[in-house]
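Student: 3D, please:
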Amino acid sequence: MTQIHPPPSMHPARPWFMWAAGCSLFFYVFLQRTAPSVMTTELMRDFGVTAAALSNLSAFYFWSYVIVQVPVGVAVDRWGPRRLLSWAAALGGVGGFMFATADTLFLASVGRLLVGAGGGVVFVCTLKIVTDWFPPYRLAMLTGGLMMIGMVGGVAGQAPLAILMESYGWRTTMQAGAVLAMVLAVAAWFIVRDRPAAAPRGETGLSIMAGLGRCLRRSQTWLVAAYMLFLLPPMFAFGSLWGVPYLMQMHGFTRPDAALAVSLILVGWGGLAPVVGWLSDRWRRRKPPLIAAAVVNLLTMAGLFYLPNLSAAAIYGILMVNGIFSAGMVVSFAIGREHNDTRDAGAAMAIVNVGVIGSGAVAQPLVGWLLDVHWGGGMAGGVRIYSQDAYDGAFWIFPASCAVATVLALLIRETHARAQIDPS
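Tutor: Okay, the predicted model is just below:
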């Protein structure tokens, strides 16, 4: 990266508006990611599906998100973020509208695929804006800010969305979200600019792929991506899908109250992510937040599922603490970037993000399948009802995965906020 400040012809505030455009789109991405958690009953009823089928429908978002990560990381290093960001946002809007109007499970799944593909482009392109237009010492803080805006979108996709659904239904509400994505796509086209010479003249596709190969040959890149894969099942399978029905059935919460409780994970995560990023940049330490995120995830998930006679206040507290400490994961993008060459920034962060989204792609179907395996035959209004035994038979995945993430965090090498290339 040879240029980190705007050229004289550009207003100094312009990079901040570019970053804000990407953040606004990430708001929509996270809203779509968490929305199924408050409409599980409606989706299972309207499409006549089981827990496993519903989990697969939700996970289509994650699979397409994963698939585009590495190609987009390579493409954005070559061509810059403006065109990719705008067209991806429009694709997400089309997918959102298709999902909202689908009368078959197949069309709804295609809609989720399109939304996920568009969302996967947004995150990488926004991080590319950060690396192109801001100094390196702001990387973790701005990544944390991006996460915070995403979490606001995730919160909007839970309790507020549940309230809107009560008045307008899930289809009309999701159609309005698709219109928002189209508006943001147009805004991104006019606001975002590519850094001059985003790819050096004469760079070829083969040299770009060589950069991807360099990232993949470094063991630390794999460790950081694997850490994210095992850390985030509680967020994506519990927080984004099964947390709301679990709290309603096992603890007697109303749907808005259950959505509010689950959204506290996102509130804590999003609110603390910029602070954790800033402190990590200031203290030049990356590992402590990663270790804390894994350990507290393990403890809070185990406490939520295995402590007896939890009150509503205790559940709220456990989920808030989980979110606050989960904010430590934000530095994974910085440490993954610092273990790779500056010229490979887009590819490195895309690989780490494969671990992030791969977590949802794997965990959601796995938990849904385990719920169906342990289903006792209960039905209500044409929808399967899962017992405590069924949830116990599926939710052990969450503390177990966090235990693996703790081990991986200990194996990741500290960079002290400096590029330290792993020769392996």
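
Student: going forward, measure contacts between C-alpha atoms and count neighbours the same way
Tutor: Noted.

Student: how many other residues sit next to Arg45?
Tutor: A total of 15 residues lie near Arg45 under the criterion other C-alpha atoms under 10 Å.

Student: Against which helices or strands is the helix or strand where it lies packed?
Tutor: Assigned by DSSP states H and E, Arg45 belongs to helix 40-47. Contacts defined by 3 or more C-alpha pairs under 8 Å, 6 or more residues apart in numbering; DSSP states H and E place helix 40-47 against helix 51-79, strand 383-384.

Student: Quick one: mean pLDDT over the next helix or strand after the last one.
Tutor: Helices and strands here follow DSSP H and E; after strand 383-384, the next one along the chain is helix 388-395. Model confidence over helix 388-395 averages 92 on the pLDDT scale.

Student: what packs against the helix or strand following helix 388-395?
Tutor: Following helix 388-395 in sequence order, the next helix or strand is helix 397-411 (DSSP H and E). Contact partners of helix 397-411 among helices and strands, from 3+ C-alpha pairs under 8 Å, 6+ apart: helix 219-231, helix 233, helix 287-306.

Student: Residues contacting helix 397-411, please?
Tutor: For helix 397-411, the surrounding residues in contact (C-alpha atoms under 8 Å, 6 or more residues apart in numbering) are 223-224, 226-228, 230-234, 287, 290-291, 294-295, 297-299, 301-302, 367.

Student: Tabulate the helices and strands packed on helix 40-47 (a markdown table), appending mean pLDDT, distance to Asp344 and mean neighbour count.
Tutor: Formatted as a markdown table, those follow (pLDDT from 0 to 100; distance: least, C-alpha to C-alpha, whole Å; neighbours: other C-alpha atoms under 10 Å):
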| stretch | mean pLDDT | distance to Asp344 | mean neighbour count |
| --- | --- | --- | --- |
| helix 51-79 | 80 | 7 | 23 |
| strand 383-384 | 76 | 47 | 19 |
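
Student: how close does Gly22 get to Leu84?
Tutor: Counting by C-alpha to C-alpha, to the nearest Å, the separation of Gly22 from Leu84 is 11 Å.

Student: neighbour-wise, which of the two wins?
Tutor: Gly22 (32 against 19).

Student: and the more buried one, how far is that from Ile385?
Tutor: 40 Å.

Student: Please apply the same query to Val155.
Tutor: With C-alpha to C-alpha as the criterion, Val155 and Ile385 are 25 Å apart.

Student: Between these two, point out the one with more neighbours.
Tutor: Val155 (26 against 21).

Student: Mind listing what's buried along stretch 363-380?
Tutor: Ala363, Gln364, Pro365, Leu366, Val367, Gly368, Trp369, Leu370, Leu371, Asp372, His374, Trp375 (16 or more other C-alpha atoms under 10 Å).

Student: okay, those in JSON lines with secondary structure, distance to Thr415 and pLDDT next?
Tutor: Formatted as JSON lines, these follow (DSSP: H, G, I helix; E, B strand; the rest coil; distance: C-alpha to C-alpha, whole Å; pLDDT from 0 to 100):
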{"residue": "Ala363", "secondary structure": "helix", "distance to Thr415": "30", "pLDDT": "90"}
{"residue": "Gln364", "secondary structure": "helix", "distance to Thr415": "33", "pLDDT": "86"}
{"residue": "Pro365", "secondary structure": "helix", "distance to Thr415": "35", "pLDDT": "89"}
{"residue": "Leu366", "secondary structure": "helix", "distance to Thr415": "34", "pLDDT": "92"}
{"residue": "Val367", "secondary structure": "helix", "distance to Thr415": "35", "pLDDT": "92"}
{"residue": "Gly368", "secondary structure": "helix", "distance to Thr415": "38", "pLDDT": "88"}
{"residue": "Trp369", "secondary structure": "helix", "distance to Thr415": "39", "pLDDT": "91"}
{"residue": "Leu370", "secondary structure": "helix", "distance to Thr415": "39", "pLDDT": "93"}
{"residue": "Leu371", "secondary structure": "helix", "distance to Thr415": "41", "pLDDT": "92"}
{"residue": "Asp372", "secondary structure": "helix", "distance to Thr415": "44", "pLDDT": "90"}
{"residue": "His374", "secondary structure": "coil", "distance to Thr415": "44", "pLDDT": "89"}
{"residue": "Trp375", "secondary structure": "coil", "distance to Thr415": "47", "pLDDT": "86"}
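
Student: Quick one: the residues you listed as JSON lines, columns for distance to Phe238 too.
Tutor: Shown next, in JSON lines, are those (distance: C-alpha to C-alpha, whole Å):
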{"residue": "Ala363", "distance to Phe238": "9"}
{"residue": "Gln364", "distance to Phe238": "8"}
{"residue": "Pro365", "distance to Phe238": "12"}
{"residue": "Leu366", "distance to Phe238": "12"}
{"residue": "Val367", "distance to Phe238": "9"}
{"residue": "Gly368", "distance to Phe238": "11"}
{"residue": "Trp369", "distance to Phe238": "14"}
{"residue": "Leu370", "distance to Phe238": "13"}
{"residue": "Leu371", "distance to Phe238": "12"}
{"residue": "Asp372", "distance to Phe238": "16"}
{"residue": "His374", "distance to Phe238": "17"}
{"residue": "Trp375", "distance to Phe238": "17"}
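
Student: got the helices and strands packed on helix 40-47 as a markdown table, with distance to Phe17 columns?
Tutor: Output for those, formatted as a markdown table (distance: least, C-alpha to C-alpha, whole Å):
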| stretch | distance to Phe17 |
| --- | --- |
| helix 51-79 | 19 |
| strand 383-384 | 46 |
